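Participant: Based on what follows, work out the 3D shape:
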Amino acid sequence: MSNPEWSRRDVLKTLGTGAVGVGLGAAVLDRMERYIVGAHDPDAVAAASTISDVHEERIDLTGHTPLTLVVGAYSDAGRRSLLTRNDVAFVQPDRTLSLFSPAGGRAVRDAPDQVLPWGVDRVDADVAHDEGATGAGVDVAVVDGGIAADHPDLRAALADPSVEGNHRAWVDCEGENCPYPWADDGDHGTHVAGTVAAAEDGGVVGVAPEATLHALKVCSAGGGCRTSDIVAAIRHAADQGWDVVNLSLGSPAASPALEAAGQYARAAGVVLVAAAGNRGQPDSVGYPAAYDEFLAVAATTIDDEVAAFSSRGPEVDVAAPGEGVCSAVGGGHDVLDGTSMAAPHVTGAAAQLLAAGVSPDEVRDRLLATAEDLGASDTAQGAGLLDVAAALDYDSGDDGTGDGTGCPA
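Facilitator: Numbers count the residues shown, from 1 in each chain. Okay, here's the model as predicted:
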């Protein structure tokens with residue numbers, strides 16, 4: 001039986017009062033226009049909860065910020081009422097963010113069975129590997145569309161699925177190859193994960209091949225990702241004590257909820273890395289990358305140009321390979337473009353630094369101070385091209401590009 005599009009009036013007529021059970025409330029909330037309320041104190045939380053048209057959801061950020069976020073469905077009058085309160089920081093739509101890469105790939109299939117992706121080589125991660133630096137012991141959360149649990153390049157890196165909380169899904173995997181709710185049904189999250197931590201003996205190698213990966217699935221196979229789910233995933237990573245969070249997603253619209261989540265995670269010692277966006281225009285860096293709490297990553301080409309699609313703006317911190325990047329996908333490997341592909345290079349670099357004993361507060365400064373100037377504007381390249389070897393105090397004279405944009409079948 002198909003699900004009808006319910007109007008607010010239909011929902012309230014069916015439910016009577018809007019005070020629904022928890023399970024049904026979440027389902028109904030997904031069918032309605034959602035908002036996130038930033039509440040400063042228990043009275044504001046109670047007010048936001050009381051006037052929501054369905055059972056609300058709460059995201060408690062009070063461990064590191066003044067806010068509790070209440071996710072609910074509100075009338076125009078209800079939203080106006082909340083905004084008159086001094087103890088309400090904001091009321092924002094629970095927007096759907098997008099993954100920052102195209103839906104399809106363009107793999108080159110004449111490559112060997114094992115390749116060194118050009119980006120991993122160009123940022124000198126291979127130099128770090130030769131020195132024994134692998135990112136071992138560092139936990140990386142991939143807030144995305146899931147990770148393919150059975151991919152041979154990633155199996156060793158994935159945190160134990162039998163341990164509760166190691167992986168989570170706010171949007172369940174759908175389709176034939178979904179052994180877990182957090183598995184990837186759209187390839188994007190797996191591609192990102194491969195650039196972070198694919199094993200050295202696999203089809204491709206990642207920047208930090210012995211880092212531990214955690215799948216936090218917030219995006220559907222079609223690439224839509226709700227703000228409230230992303231916020232909850234960031235909080236989960238921080239509460240678990242993980243070290244780095246990769247967000248290869250975003251929106252042109254500002255989001256105080258995402259900013260608050262960033263503040264929460266940074267105060268907990270998490271390094272946050274986000275794709276700058278693919279709008280290719282001045283002053284177009286997306287959110288959450290544009291917030292100070294996140295390292296905003298632009299994309300470069302194999303010819304050391306800033307990619308035409310890469311968003312520009314003063315918020316860009318650093319650049320990394322993002323055009324023609326080969327990595328893992330469900331059932332094999334593929335080449336994708338996007339700042340989505342650039343961000344995990346920086347995430348892997350952050351993992352390498354943390355494994356070497358650099359503090360979370362020093363990671364950004366170290367990465368920016370050792371980046372290679374490509375001669376582009378600061379708004380396009382930030383501090384320059386990521387250099388993993390230089391950040392670790394190794395010789396960074398190797399500017400190779402590995403096996404180019406080749407990708408194993």
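
Participant: can we go C-alpha only for contacts and neighbour counts from here?
Facilitator: Noted.

Participant: Which elements pack onto the helix or strand that contains residue 44?
Facilitator: According to DSSP states H and E, residue 44 maps onto helix 42-51. Here helix 42-51 touches strand 34-39, strand 68-73, helix 76-83, going by 3 or more CA pairs under 8 Å, 6 or more residues apart in numbering; DSSP states H and E.

Participant: can you give me the mean pLDDT across the longest one?
Facilitator: In other words, helix 76-83. Taken as a whole, helix 76-83 carries a mean pLDDT of 94.

Participant: can you check the first one too?
Facilitator: Strand 34-39 comes out with an average pLDDT of 96.

Participant: re earlier: and of the helices and strands packed on helix 42-51, who's closest to residue 132?
Facilitator: Taking CA to CA, strand 68-73 is the member of these nearest to residue 132, at 43.0 Å.

Participant: Neighbouring strands - and their directions - for that closest one?
Facilitator: Looking at strand 68-73 with DSSP bridges, its partner strands are strand 34-39 (antiparallel), strand 57-60 (antiparallel).

Participant: quick check: angle from the longest one to helix 42-51?
Facilitator: Just to be clear, that refers to strand 34-39. Interaxial angle of strand 34-39 relative to helix 42-51 (axes from the mean of the first three to the mean of the last three CA atoms, to 10 degrees): 160 degrees.

Participant: per the record, what domains does the chain have?
Facilitator: 8-94, 98-391 (automatic domain parsing).

Participant: OK, contacts around the closest residue to residue 306 other than its chain neighbours?
Facilitator: Nearest non-adjacent residue to residue 306, counting by CA to CA, 6 or more residues apart in numbering: residue 300, 4.3 Å away. Taking CA atoms under 8 Å, 6 or more residues apart in numbering, we find residue 300 in contact with 306, 307, 310, 319, 320, 321, 322, 323, 342, 385.

Participant: Highest neighbour count among the residues you listed?
Facilitator: residue 321 (36 neighbours; other CA atoms under 10 Å).

Participant: wait, isn't that residue in contact with residue 302?
Facilitator: Yes: because the distance of 7.2 Å satisfies CA atoms under 8 Å, residue 321 is recorded as touching residue 302.

Participant: list the residues that contact both of these two?
Facilitator: residue 119.

Participant: now the helices and strands packed on helix 42-51 in CSV, with distance to residue 264 and mean neighbour count?
Facilitator: Formatted as CSV, these follow (distance: least, CA to CA, whole Å; neighbours: other CA atoms under 10 Å):
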stretch, distance to residue 264, mean neighbour count
strand 34-39, 13, 26
strand 68-73, 11, 27
helix 76-83, 23, 14
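
Participant: what would those look like in TSV with distance to residue 243?
Facilitator: Shown next, in TSV, are these (distance: least, CA to CA, whole Å):
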stretch	distance to residue 243
strand 34-39	26
strand 68-73	23
helix 76-83	35
